[in-house]
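A.B. asks: I'd like to go over a predicted model; first the sequence, then the structure.
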Amino acid sequence: MRVTSSLLPAAGLMVLLACGGGGGGTSAPPPPPASAGAFEGPWNGTLVSNTGGSVSATALLLASGEMRYVASNGIQAVGTLSATGSSAAGSGTMYAPTGYVFPGNVASLSYTIHGSGTGGSVLSGTYTSAYDSGTFAFAYNAGAKYASPVVLANVAGTYASTATSSGFPINGRLTSTGALSGSDAFGTLTGTLTAVDPAKNAFRVNVTYTPTGQAGRTYAGLAFFDFSYSPVRLQVQTTGGAGQFAAELQLVGP
């Protein structure tokens, strides 16, 4: 198994503790739930390590603050982002590409990010990690049409991968009901897409990948259709007990 160092954030999560005042025995109210604020939606960007290396990344951020991004080196990051005005901070876990591990022989690591920007436009800042740190700069992907509902019948058809977390090409099919199926040289996959919000281009996705002669491996995460490409591409970003499964799939036929 090859070992690769990360160009993405990998810092320990911060734990915040609140203590009540004396006398009343009461505790401070819990913090409000995370919210993406104006930064909700799909983003494309670049992360630049302080060592000089860089990777591109495709991200999706939900209104709840849930975020995922997949980088061009195959690393996937999952976490939560909270936004206050033009400022944002997040933390979570990132996963090594299939068949790789991070330094220390671990398949996943924690990260934190801090940034600022303008919703629907730009978001930039810094990331920190146990092994690496650097900067990031993302631009909002307006071409993905996040604020428009997706009619699955209009994007159903045969898909072929332009990128995968495993590095192996995938051929698949998506039906008008959101059922996903396909295969690569080493196994088969099945899955389902369910809209997070019927008015938006964001989906919950569950995938089972079954290597030939082995038990199936289940993954769950997010997906969206990127209409900035013609034909459209489906961005699938999922993780599970076996690691991660990510793919960019392009519609190639009916």
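C.D. replies: Now that the structure is in, tell me what you want to look at. It should be emphasised that the depicted structure is a prediction, and the values quoted were computed from it without experimental measurement. Numbers count the residues shown, from 1 in each chain.
A.B. asks: Please point out which parts of the host helix or strand of Tyr159 sit buried.
C.D. replies: Assigned by DSSP states H and E, Tyr159 belongs to strand 157-164. Using 16 or more other CB atoms under 10 Å as the test for burial, strand 157-164 gives Gly157, Tyr159, Ser161, Ala163, Thr164. (Each C-beta comes from the backbone N, C-alpha and C, glycine too.)
A.B. asks: quick one: it to chain centroid distance?
C.D. replies: 17 Å (CA atoms, centre = their mean, to the nearest Å).
A.B. asks: going forward, begin numbering at 633 instead of 1
C.D. replies: Let's use 633 as the start, then, which means that last one is strand 789-796.
A.B. asks: picking up where we left off before, for the buried residues of strand 789-796, which one is nearest Ser704?
C.D. replies: Closest to Ser704 out of those is Ala795 (7.7 Å), distances taken as CB to CB.
A.B. asks: I'd guessed the closest one sits against Glu880; true?
C.D. replies: Yes: the criterion here is CB atoms under 8 Å, and Ala795 meets it with Glu880 at 4.5 Å.
A.B. asks: any shared contact partners between those two?
C.D. replies: Common contact partners of Ala795 and Glu880 (CB atoms under 8 Å, 6 or more residues apart in numbering): none.
A.B. asks: Dump stretch 793-801 to PDB, keeping only the CA atoms.
C.D. replies: Output of stretch 793-801 as PDB, limited to C-alpha atoms (Å, rounded to 0.1, in the frame of the first residue of the first chain):
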ATOM      1  CA  SER A 793     -16.600   8.400 -15.100                       C
ATOM      2  CA  THR A 794     -14.200  11.300 -15.700                       C
ATOM      3  CA  ALA A 795     -12.600  10.800 -12.200                       C
ATOM      4  CA  THR A 796     -13.000   8.300  -9.400                       C
ATOM      5  CA  SER A 797     -11.500   7.900  -5.900                       C
ATOM      6  CA  SER A 798     -10.100   4.500  -6.800                       C
ATOM      7  CA  GLY A 799      -8.600   5.700 -10.100                       C
ATOM      8  CA  PHE A 800     -10.500   3.000 -12.100                       C
ATOM      9  CA  PRO A 801     -13.100   4.000 -14.700                       C
END
